[in-house]
Structures are given as structure tokens and as C-alpha cells.
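Asks: Show me how the following folds:
(chains A, B, C and D)
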Number of protein chains: 2
Amino acid sequence: MMVVANKRNKEGKASMCCQQEFIRKLRERGFRLTPQREMVLSVLHDLEDHATVEEIHARVQKLNSAVDLATVYRTLELLQEFGLLAVIDLGDGLHRYELTSIHGSHHHLQCRRCGKLIRLEQHQLQPFLEALQQQLGFQAEAEHLIIPGLCQACQAEEAAQAHACAA
Amino acid sequence: MMVVANKRNKEGKASMCCQQEFIRKLRERGFRLTPQREMVLSVLHDLEDHATVEEIHARVQKLNSAVDLATVYRTLELLQEFGLLAVIDLGDGLHRYELTSIHGSHHHLQCRRCGKLIRLEQHQLQPFLEALQQQLGFQAEAEHLIIPGLCQACQAEEAAQAHACAA
DNA sequence: ATGGGTGCAAAATGTTTGCACCTTT
DNA sequence: AAAGGTGCAAACATTTTGCACCCAT
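Replies: Take a look at the predicted model:
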């Protein structure tokens, strides 16, 4: 029995390009593309940003409320093994996920004061990674670095605060 | 009642330099330096490398087996608030800790194949962090980045393996 | 006496696993 | 029939919390 898992195909976008890849990798190992797996993939596909397991599960349940959290975990694990899924750890004890094929390799600057995440594209990191290769022989495969610090706005506010204290 | 928490003072090294800092920050907030906190700090001080909570707890228990895990957690939390403690997440679900004052700001290159950690000093990262400031106005405070990739040895082995498959 | 700190046990959180049942091939 | 996949519940691991009691000021 097939469940409608991706309503967006009618829009004609090359939607779910990653589904082909997923199916291929599943078949390679004798695994199947089930409606549940399709739904998880679809939800991941539609994320503008990375999401936690709970968020993914909640969205999947809107499509079919019977889908279990354990199934979501199991599917995410598969996607990770296949290298299709990036795992992001912001240090708050929650893992966040996103499809690598959709968002491309990128990184985040995380403001420790306001929490804002600033996207950093792979190419902005490239010179640094190349230096690692040349100087240390290390071939970096950084897909998702989180660099903590202070965003521009918060730098200003902290400076203002320091002023106020001094006065 | 005072418990001997740091046997190494007799060696004459400027041992436990961080203890002064810890005491000062505690006092600032009306908190106390207890034997338990002293022991946790001492254990952290003697680590060659970062350690998990369990490892720290085990070492503290060698000094006084009554010390509770919860106390270790509470002390680590304090040290974090004071900015004296670096938390490292290698992605295996365990947090590792080390005193910033002892080991200095540094980072790690982590080989995804053999698991080896290669130390990367702060100054090796500096040009990149400065570029972030100049180009994006972001003031990075990266204290402990983990950059995944392949170490030199494993690059060679992967290449050899690829050859073998082709043949 | 006031308030911080501890140990202990319970709870909360996030994730994994065992298993009976269902589904696809 | 064989093998994979699911939902459910229980198990797990890590971390946090509530509380009675202890200790320092």
C-alpha cells in the first residue's frame, strides 16, 4: 500500500532528487523504500533549515500519525550511513539534521549572546582547509562546523554595556 | 574539614594556578570552595587530555569515594560558567572536558578512519578567524573546533584500497 | 540562624533495542 | 517461505532535580 508522501512533484521542480539516490543505496543493501522512509525523506527535503528529531517526527505525523519515533531514528541512521544526511550539534544536547544534497555543504557562525546562526558557505572556508592539507597533510572533510562567537550587533551591545558599567 | 586535594604542590611547580581564579570567581558570587570542588579541579588539572564525566568522577573517587556524580556535574557546570572549562564534543554522545588555562585554546583534526586526534594550535587558526571578523564582522571565539577528515596515513591507505579494487 | 553544598534517589531527556506482527519479494 | 520493516514498550545512558541533612560563616 502506497501512501502519498510527496505532494510537490506536480510542481515540476526536480523535487526529491535525493530520493533516487536513497532508493539506489537502499537497493544496494537489499533494503526497501517504505512509505515511512519516503515520508521522512520528504519532510527533510522540505525543511528550510535543519530540524531536530522531534520536529521531524512531528511533521511526519502530520502525514501519518501512526509513524513511530523509533522509525524516524532508524531512517535517519540509514541516511547518515549513506552520507545523505548532515548532523549538526549546537551543543544544547539536541541533534539537528538536514539533507546534504539540498542545502549543500555549509557551516554556521553561532552568536553566544543572541543565539543567531549565520551561514558560512563552504567556499569561504576553503582557503583554510587547503592550508591544513598543505601544512599538515590533513584532508579535511568539514561538512558542518559550528564556530561560536559574537555577532556584529552583540559586539556593539557588549561594548555599550561595558561603557555603562564603567560610568 | 579539609581534604588533601592537590598533592603536587610540593613539587614546586606553579601548580593549580587556576585554583586562585576559581576561588575568586566563586567568592564573587558568594559560593564556597569545598573539598569536592577542589578535588574535581585537581583532577582536571592533572589530565593530560580531555576526559569524560565518568572518567573525572572515577578519578575523584580515588581521592574520596563518597563524592557523587551529581556533584561532579554541578562543579563542571560552575567551571563552564566561569569560562574555565572547555567542552569538547566528538560526536559520540559523550562530553569531554578540560581546563582552558592548562591546555590553552586548541583544536582538533579528527580522522574519520582511524579516529586519531591531531592537535591544532590556536595560532594556526588565527588567520581564518581574522578573516571572519573582517569579512563578516563576526568575532569568533572558537575554543575547540573539531574538524573531521582523513589523516595522512589513512589517505594513503584509502588510495591503496581504491587501487586494489580497480585491479 | 542563614544560606550554600552534598549525597541520594527519583525524574527527565534523548536514543536504542527486543519482539510480535505485518509486508514485500 | 524468507527477509526486511514497523509500532509498541521496555531498556539505556546521560544529565538534571528535589530534598533532607550537613557545614561554614
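Asks: Find the centremost residue of chain A, please.
Replies: When C-alpha atoms, centre = their mean is applied to chain A, the residue found nearest the centroid is residue A:98 (2.5 Å).
Asks: and it, that's in a helix?
Replies: No. Using DSSP: H, G, I helix; E, B strand; the rest coil, the assignment for residue A:98 is strand, not a helix.
Asks: quick one: the strands in chain A?
Replies: Secondary structure of chain A (DSSP state E): strands at A:51-52, A:85-89, A:95-99, A:106-111, A:117-121, A:139-140, A:146-150.
Asks: got JSON lines for those strands, with distance to residue B:37 too?
Replies: All C-beta spots, glycine's among them, are computed from the backbone N, C-alpha and C. Output for those, formatted as JSON lines (distance: least, C-beta to C-beta, whole Å):
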{"stretch": "strand A:51-52", "distance to residue B:37": "34"}
{"stretch": "strand A:85-89", "distance to residue B:37": "28"}
{"stretch": "strand A:95-99", "distance to residue B:37": "31"}
{"stretch": "strand A:106-111", "distance to residue B:37": "29"}
{"stretch": "strand A:117-121", "distance to residue B:37": "34"}
{"stretch": "strand A:139-140", "distance to residue B:37": "38"}
{"stretch": "strand A:146-150", "distance to residue B:37": "26"}
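Asks: and of those strands, who's closest to residue A:131?
Replies: For residue A:131, the closest of the strands of chain A is strand A:139-140, at 9.6 Å, according to C-beta to C-beta.
Asks: ok, back up a step: give the contact list for the nearest residue to the residue nearest to the centre of chain A once chain neighbours are set aside.
Replies: Computed as C-beta to C-beta, 6 or more residues apart in numbering or on different chains, the closest residue to residue A:98 that is not its neighbour in sequence is residue A:50, at 4.1 Å. Residue A:50 is in contact with A:86, A:88, A:96-98, A:103, counting by C-beta atoms under 8 Å, 6 or more residues apart in numbering or on different chains.
Asks: at 6 Å what do you get?
Replies: Applying C-beta atoms under 6 Å, 6 or more residues apart in numbering or on different chains to residue A:50 gives the contacts A:88, A:96-98.
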